[in-house]
Each structure stands twice: as structure tokens, then as C-alpha cells.
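S.K.: Got a predicted model here, sequence first, then my questions.
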Protein chains: 2
Amino acid sequence: MTDDAAEKPRTLVGERVPVRIGLVGCGVVGTGILQLLRDNRRAIEARLGAPIEVVAIAVRDASKARDEIVPSELVTEDALSIATHPDVDVVVEVMGGIEVAGAVVKKALEEGKHVVTANKALLAEEGDALLELAEARRVDLYFEAAVAGGIPILRVLREGLASDRIVALRGIVNGTSNYILSRMRDAGLGFATALGEAQEKGYAEADPTLDVNGGDATHKLAILATLAYGARVHPSQVHTEGIDRVSAVDMQFAERFGYVIKPLAVARPIGEGADGPRALDLRVHPALVPERSVLASIHGALNAVFVEGAMLGPCLMSGPGAGAEPTAMSVVSDIVDVGRNMLAGAHSRVPTRAFHGASLEEIPVQPIEAHRARYYLRFAVEDRAGVLARIAGVLGGFDVSIEQMVQTEDGDRKATLVMLTHEAKEGDLRMALEEIARLNYCQEPPAMLRLEDDA
Amino acid sequence: MTDDAAEKPRTLVGERVPVRIGLVGCGVVGTGILQLLRDNRRAIEARLGAPIEVVAIAVRDASKARDEIVPSELVTEDALSIATHPDVDVVVEVMGGIEVAGAVVKKALEEGKHVVTANKALLAEEGDALLELAEARRVDLYFEAAVAGGIPILRVLREGLASDRIVALRGIVNGTSNYILSRMRDAGLGFATALGEAQEKGYAEADPTLDVNGGDATHKLAILATLAYGARVHPSQVHTEGIDRVSAVDMQFAERFGYVIKPLAVARPIGEGADGPRALDLRVHPALVPERSVLASIHGALNAVFVEGAMLGPCLMSGPGAGAEPTAMSVVSDIVDVGRNMLAGAHSRVPTRAFHGASLEEIPVQPIEAHRARYYLRFAVEDRAGVLARIAGVLGGFDVSIEQMVQTEDGDRKATLVMLTHEAKEGDLRMALEEIARLNYCQEPPAMLRLEDDA
């Protein structure tokens, strides 16, 4: 393909010719896409004004037995060939991973093809370069399925709230974590048992590391923060803690205080003004949210994103965060969007990062030590006189004051001290906890969780 | 303006010239729009890639004192002049009412101008003709603010779920009704007291008729059903009942059975197949929803729309349904959308009714008599032997069986019988209730409310 052709994506203005896609990856999501295109054909054509046609499918192993919906004559093992296929208008990447997927997406954009992907890891790691390439080539790069599965939150940030300033964004964007914490709360399971159950039910990957350690949520938060605040955000800038630090006993104490522990992803502007935020607060960690808050009511493997606009006020979206069918729905809705652009001769109509590239800013991220919140603390201590006074004394010395406290005697000269603090600066609290951990009647490192009272 | 010019809306491709709007109406929403354009100017320009400029403002009474944000030199009393104003690209109608507003919108579309409106009554009554005019002229007619205020539900139906078949839609789309029923439940208020409170707080209009009798929700449901199912729906096709039939005692009995009474708007396809639904179930009425359902948790004046997609599964959006700021946010986001189309040279990119005009269908509406549901019934009867048996006998004679029942003795030889039925056909139930109402120990007409168990 010549450079000239590559600069001009095919447009279909007025025509009723098909939007032709090349599918890269044909696992459960790819197969779901083929099923959806068959089952919803009529509704899709009535909305798009043209059919969607699959012209090529790349798989890792062409010899593998597949669902009969996969037309074997379209199958190839050469993923890169989809990116250069002369009949492909839109490359649909659902293979996952970074190396091969990244090469295919890059090549496709260079060839002037539009791309739809569900690959959050790729976008979080290499999104900036790929999105700039797409802007330069004036092709569309859409990725609704990468964040919160079937919930069209990226479209809402790009278009529905295009006139507002976002003043807070809090999400539950990893369904596996939410399932695990929900089961720990509802059924009193321990962390390992709940994780095993999530794996049995197919919510968690065989290797659940990125679900459990917060890595997956961090990828998604980086994308959400970019679209909400017009900032270049890399996952490494997000303070990330996994849910593996939550124990069943924390769940019970939280409930006693009127809270529920949820796996949150938070992006807030700090010092918001007419010129945009002075800094961003970006965090992924389990947090205590008030039991009457909307996020507390998001059960099981559901995802939700709560957005607060300066004008809009609070707005919540919830729905399935994963699964072949919701993901396929989201991918094909992106294909419809790209197809509508092709039919209208309008590429790059909406900046994929919500803000035009030239307007994107490098906004500093607030160090976690500067975060101010109330905290939940749990200390396993020797059961003897003076311990509480000593711990309270250390906390007070660092400007951390106790708002409420529960003490249980666990027998065998052991006791558990659990408290909620008043608002404190995390840097101060950390210094206090380090000092407390060194006290010889502290039997294990103190447990600390943040409260998110505005959730 | 010549016919030729009228056929070609101004495009701004590549330019960074302003999108110029004419504001028709400058009450609280109009003023909110001017404030938003001032306060969020930077974020809007960074997303749109061009500024939005107000070039004319029509008001009913130019002599009235106004907020200083309204530039008096732009003000006119001639609303129609905005529709023909040579510098106006987008006419923004926020005056309300049908006659004048309808004439302005029609004229603007004829002149080849784009229109953004928040006027649900106009759209529900004359939307078909206006939307067809817009399609024919290839201009945009957007109306996100007309339904569920700040919640971008129309965009989600048009774009986010463009690849799916909607299998159920249930909303709380009138904030005043939701506020009134919430207060009746939470504070035990009677209907009239709760309505008075809603008026004091500014939620209800001075004339709250359309809020209370379901008319406003019906306007919105007609629009939602059109976008969800590709059907032409007129408000007169929606079975509509107001919330004024709900008494505080119903609220208490509902709670006893594990339900909450909410003001619902429901649009469901019946007999969904590859060729679309065979009929539509369209209803606006107070209903009992399970207390653990998502819609039960939508408190106060909030709105919410629950959509279930064949592929997506359940998805909920909630947020402020009214108020100057959320409405202004929604209107200006529509202006940004139109502006993005102008900059991309892409009008009518997305069909405003989600489906292309030629694909819109006349889908029959199921008569309410054919509706099947469980029902809540309350009878005020004389307190004597045999009454329950007689009522149960009449119900049974019409194939309505009782699932559970509570009887209270109210003294003075009066009793209240409250029951939930098993699933029954509404036509049968109505005949049974007519017969029961004629029994001489029935002291007032029976109260009947529908259960919405899947809510």
C-alpha cells in the first residue's frame, strides 16, 4: 500500500457497502463477536445503515478445533497480515498481550486502518504512542471494552460529559476483586477461599496476579484519568495496593463501624481551577466506603464508575465488567461507531482521549504521603495495661487522632485494637505506624486501610 | 437565505473558528448554559477544538432584570429571528412549551441549522415530524437533556449499546414523583404533605400535574422506547397512571412484603426475534419493586435508567434528573457533539432516533389487559365472617390466585385486607375487581398496584 493510500482511510459516504473487519484473536471474546454479529445483524444494520462483514481472522493455532461460527476459510496464523490486508477497513484486536498485539495495532494504524481493541494493558503501557499515531493518520482507535467491560464509560466521559469539569471519579473496575471482597463479606470466607471460588466461576484468570494486586485496575484507572482530566497518565504514576492485604476480620470490623470494604480506583483533581487541576490524586486500593454509599451496593463481579461533574453532580454507571458477551457488545459498538464515521466521512471526529492531543497535559501526581483521609487501623498486641495509651500517644505525637476504637481480648494474653482515625496526613500516619511496629508488644505489623467517606 | 444555502449547514473542517449558538429562552436553564460556557470554557475548547460563542438570545420579556452574565446587547424578544439569524450555527431551544418552541425548531431546521433542545413535551408530541425534517436536511437535532436530565442515557442507547438488542428498559425518570414516594416511605408523610415539600424544595413545578399524573414520565418513555427499539412511539400509546393513587398505608404494607413503591417507566419488547419485537409493553405507573433491587436504592429526586441488553446483561445509570446545572451540562454536551460534527464535516452521523428513519417501525403496543404480573391488592371491607372467602372466591373465579395475605382489624367493624397475587392476567384481575367493588361489604374501591419483580 502506498503512503498516499495509507493517509486516506476508505470512506463510504452515501454508500451502503459493508464495513469490513479483520479479527485478530478468536478466543472467547472473538467468538462472542462473531455470534453477536450473527444474532443482532438486523438491529446493527438498522442503526449503522450498512452491514458489518468479517473478511479475515487471525488465530494463534489454525489447527485448533473451533466453534462452527468461525469460517475456517478466513482463518490465518499471520496476525500482522490482518494489519495490511487490502480489504480490511477496521482491525479488531482481541488477542491480548502486549508484544504481538502492539505490533499489529501499530502496523494497522500506519496502514491507515481504524482499530478497535479491548486491550487495556497495551493501552496503558503504549497508548500514548498509538493514540498519537492514530491522530496523525486521522484514523480512529477505539477501546471502550478495555475499561469496565460492557459499561460505556469512555463514551460518557468523551461525549456525554464533554461540557463539564470532572471533580471526582471513583470506580470498582476489577470484577474479580469485587467478587472476592463481596464473598468475604457476605459468606465470611477467607481471602484464599474466595479467590478459589472466583477461579472456579471463571471470574479470575488462571494467574490472578493482576486482578489481586491491583495491576489490572491501575491500567484502567490510567485510561479513565486521561479521559476525565486531559492528562497523560502512566500506570506507574498510580499508587497501587492489592486486595490481598484485606483479612476477613477487617471486613467484620468495618461492618461494625458502618463501612464496607471495596476495591476502589480513584482519580481526583486537586486544586481545580479554570486552568485545570494543579495535581491529580490517583489511587488503586481496597477502601472502606460507607455502607449506604452507592459503591457499597455494587455486589459480586459487577463493575461501577461513579463520576461527579462540577455541573452534573453525581452520576453512577454500573454493569458487567467482564465476560465474553459484554466485552463483545462493547467491541462491536465501537465498530459501529467507526463505521458511522466512515459513512459520514468523518474520522477523528472525537479525540480518542476526549481532549485534543495538543491540549493534553502532564499534571503532577500527588505523592501518597500527602493524601489526607480517615484511616482504619488494626493492631495485634500483647494484652496488658498501658498498650492502648502508648499507641494513642505515638499516633498523637504525629498529629493522628483517634475517632473511635474497639478492643477485643483474644485470649492467650493477646488483644486486637481496631480504630478509625480523624482525618490525617498519610505521611504522618506512616511514620507513626513505623514507630508503633517497633514497639515490643506489637505482635505483627499494623494493618491500615483508607476510608473513602465521599464514595 | 436561499434554499441552496439552507441545504448546506456550515462546516468548519480544519478551522478553529467558533461554533456559534443562538439561545432561545433564558430562564434558569438558559442562564445555567451561559454560566457553564464561562466556567468550563477551557475544558470545552480542549475537547471540542474550537470555542463556543453565543451570538443571540431570545427572551419573552426583554425588559426583565437578568443575571449580569446575560449580555443585554444580544437579547431579543423575537424568538423566530434566532432561527433565521445569519450567524447562528446551532439553535439551542430551552424555552419550553410546544407552540412557539415548535415553530422556532421547525424554522431552524428548514434553514439548515442544527438544533439542540431540552423540550421533552415537544419531542414526544411532534418529534417524528421534526426528526424527519432534520434527517431530510441533513442537520443534527439533539435532545439529551429531555430525558433523565444530566444522565447521558440517549447517547448510551444510540452509541454505547449500538450493537445490542435491548430486552428490557426500566426507569425512574420523574424526579418529583421519586422524591414524593421516597418521602412517603422514609418519613411516613402523606401524599399531599410530600408534594408540598417537593414544591418548597423546588423539585415540583408550581403546577405539578404532569409530574404527579405520569404525563412527564410518559413523554420521556416515548423517546426512550423509540431509541431502544427503533419504533415510532407516541405518548398516547403508553399506559399511564399517576402516583397520586399511592397512599402511605400502601407504602407500609409494601415494605412488610419486602417491596418499595417506585414511580416506574417500563418499555419491554414482547416476542423478541431476529426481526425485532412482535409488540411493546409500555407502561408508566407506580410499582412495587423488590427492596434489594437496584431501582429501590434510587432515593430522593434522583433519576435512573436500568437497561438490559441481550449481550450486555444488566446496566444501570443514575444521576440528577432535573435542575438548571445538570440540564445545562447536558445541553452544552450536545452542542459540543454538534460542533464536533461541524468540525469533521459530518452531519447526521448518528441517527437521532438511534435507528435510520427508513428502519423505524410501527410496533403494536400490548393492551394493558394482556399484561401479566403479580399484583398488590388492598380492600377496605366490613369486618365480618365470610368476607375474605368471598373475595378469594371471586378472584379465583377469574384465575387470580392469592400468594400471601395480611388482614388488619381497624375497629368500628372495619378491616383491611391486603394481598399479593400470583402472576395473573390484568384483564382477568380487572374483571374480578369490578365484581368485588360491587359487593356491599366493600367500603371503597379496591386499591391495585403492579409488582415489577424483575426490576
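M.R.: That came in fine, so what should we check first?

S.K.: contacts and neighbour counts: CA atoms only from here.
M.R.: Fine.

S.K.: Can you name every helix or strand that the one helix or strand residue A:289 maps to contacts?
M.R.: Using DSSP states H and E, residue A:289 maps to strand A:279-290. Counting contacts by 3 or more C-alpha pairs under 8 Å, 6 or more residues apart in numbering or on different chains; DSSP states H and E, the secondary-structure elements packed against strand A:279-290 are helix A:215-229, strand A:239-240, strand A:259-270, strand A:447-451.

S.K.: With respect to residue A:123, which of the ones you listed lies nearest?
M.R.: Nearest of those to residue A:123, taken as C-alpha to C-alpha: helix A:215-229 at 7.6 Å.

S.K.: Could you list the buried residues of the closest one?
M.R.: Across helix A:215-229, burial judged by 16 or more other C-alpha atoms under 10 Å in any protein chain shown covers A:215-229.

S.K.: again, but for stretch A:311-318
M.R.: Of the residues in stretch A:311-318, those with enough neighbours to count as buried (16+ other C-alpha under 10 Å) are A:311-318.

S.K.: Max pairwise distance over the residues you listed: which two?
M.R.: When those are compared pair by pair using C-alpha to C-alpha, the two farthest from each other are A:311 and A:318, 21.0 Å apart.

S.K.: separation between residue A:327 and residue A:247?
M.R.: The gap separating residue A:327 from residue A:247 is 31 Å, by C-alpha to C-alpha, to the nearest Å.

S.K.: Those two - which one has more neighbours?
M.R.: With neighbours defined as other C-alpha atoms under 10 Å in any protein chain shown, residue A:327 and residue A:247 compare such that residue A:327 has more, 30 against 16.

S.K.: Look at that one and give its secondary structure.
M.R.: When the structure is reduced to helix, strand and coil (DSSP: H, G, I helix; E, B strand; the rest coil), residue A:327 reads as helix.

S.K.: show me the contacts for it.
M.R.: Under the criterion of C-alpha atoms under 8 Å, 6 or more residues apart in numbering or on different chains, the contact partners of residue A:327 comprise A:29, A:118, A:145, A:149-150, B:312.

S.K.: repeat that for 6 Å
M.R.: The neighbours of residue A:327, taking C-alpha atoms under 6 Å, 6 or more residues apart in numbering or on different chains as the test, are A:145, A:149-150.

S.K.: Distance to residue A:291 and secondary structure for the residues you listed - can I get that in CSV?
M.R.: As requested, these are exported to CSV (distance: C-alpha to C-alpha, whole Å; DSSP: H, G, I helix; E, B strand; the rest coil):
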residue, distance to residue A:291, secondary structure
A:145, 29, helix
A:149, 25, coil
A:150, 25, coil
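
S.K.: Considering only those, which also neighbour chain B?
M.R.: residue A:150 (C-alpha under 6 Å from any C-alpha of the partner chain).

S.K.: Neighbour-wise, which one of the contacts of residue A:327 leads?
M.R.: residue A:150 (33 neighbours).

S.K.: I'd say it and residue A:326 touch.
M.R.: Yes - under the criterion of C-alpha atoms under 6 Å, residue A:150 makes contact with residue A:326 at 4.6 Å.

S.K.: Find residues that contact each of those two.
M.R.: residue B:312.

S.K.: Please give the element, helix or strand, for residue A:405.
M.R.: Element membership of residue A:405 [criterion: DSSP H and E] is strand A:402-411.

S.K.: That strand - contacts with which helices or strands?
M.R.: On a contact count with 3 or more C-alpha pairs under 6 Å, 6 or more residues apart in numbering or on different chains; DSSP states H and E, strand A:402-411 meets strand A:414-421.

S.K.: mean confidence score for the strand it packs on?
M.R.: The predicted model assigns strand A:414-421 a mean pLDDT of 96.

S.K.: one step back: who touches the strand holding residue A:405?
M.R.: The contact list for strand A:402-411, computed with C-alpha under 6 Å, 6+ apart, reads A:415-422.

S.K.: Compute the number of surrounding residues for residue A:147.
M.R.: Here the number of neighbours of residue A:147 (other C-alpha under 10 Å) works out to 28.

S.K.: Next: residue A:405.
M.R.: Neighbour tally, residue A:405, other C-alpha under 10 Å: 15.

S.K.: show me the contacts for the residue minimising distance to the centre of chain A.
M.R.: To find the centre residue of chain A, average its C-alpha atoms and take the closest one (C-alpha atoms, centre = their mean): that gives residue A:220, at 2.8 Å. Counting by C-alpha under 6 Å, 6+ apart, residue A:220 touches residue A:147.
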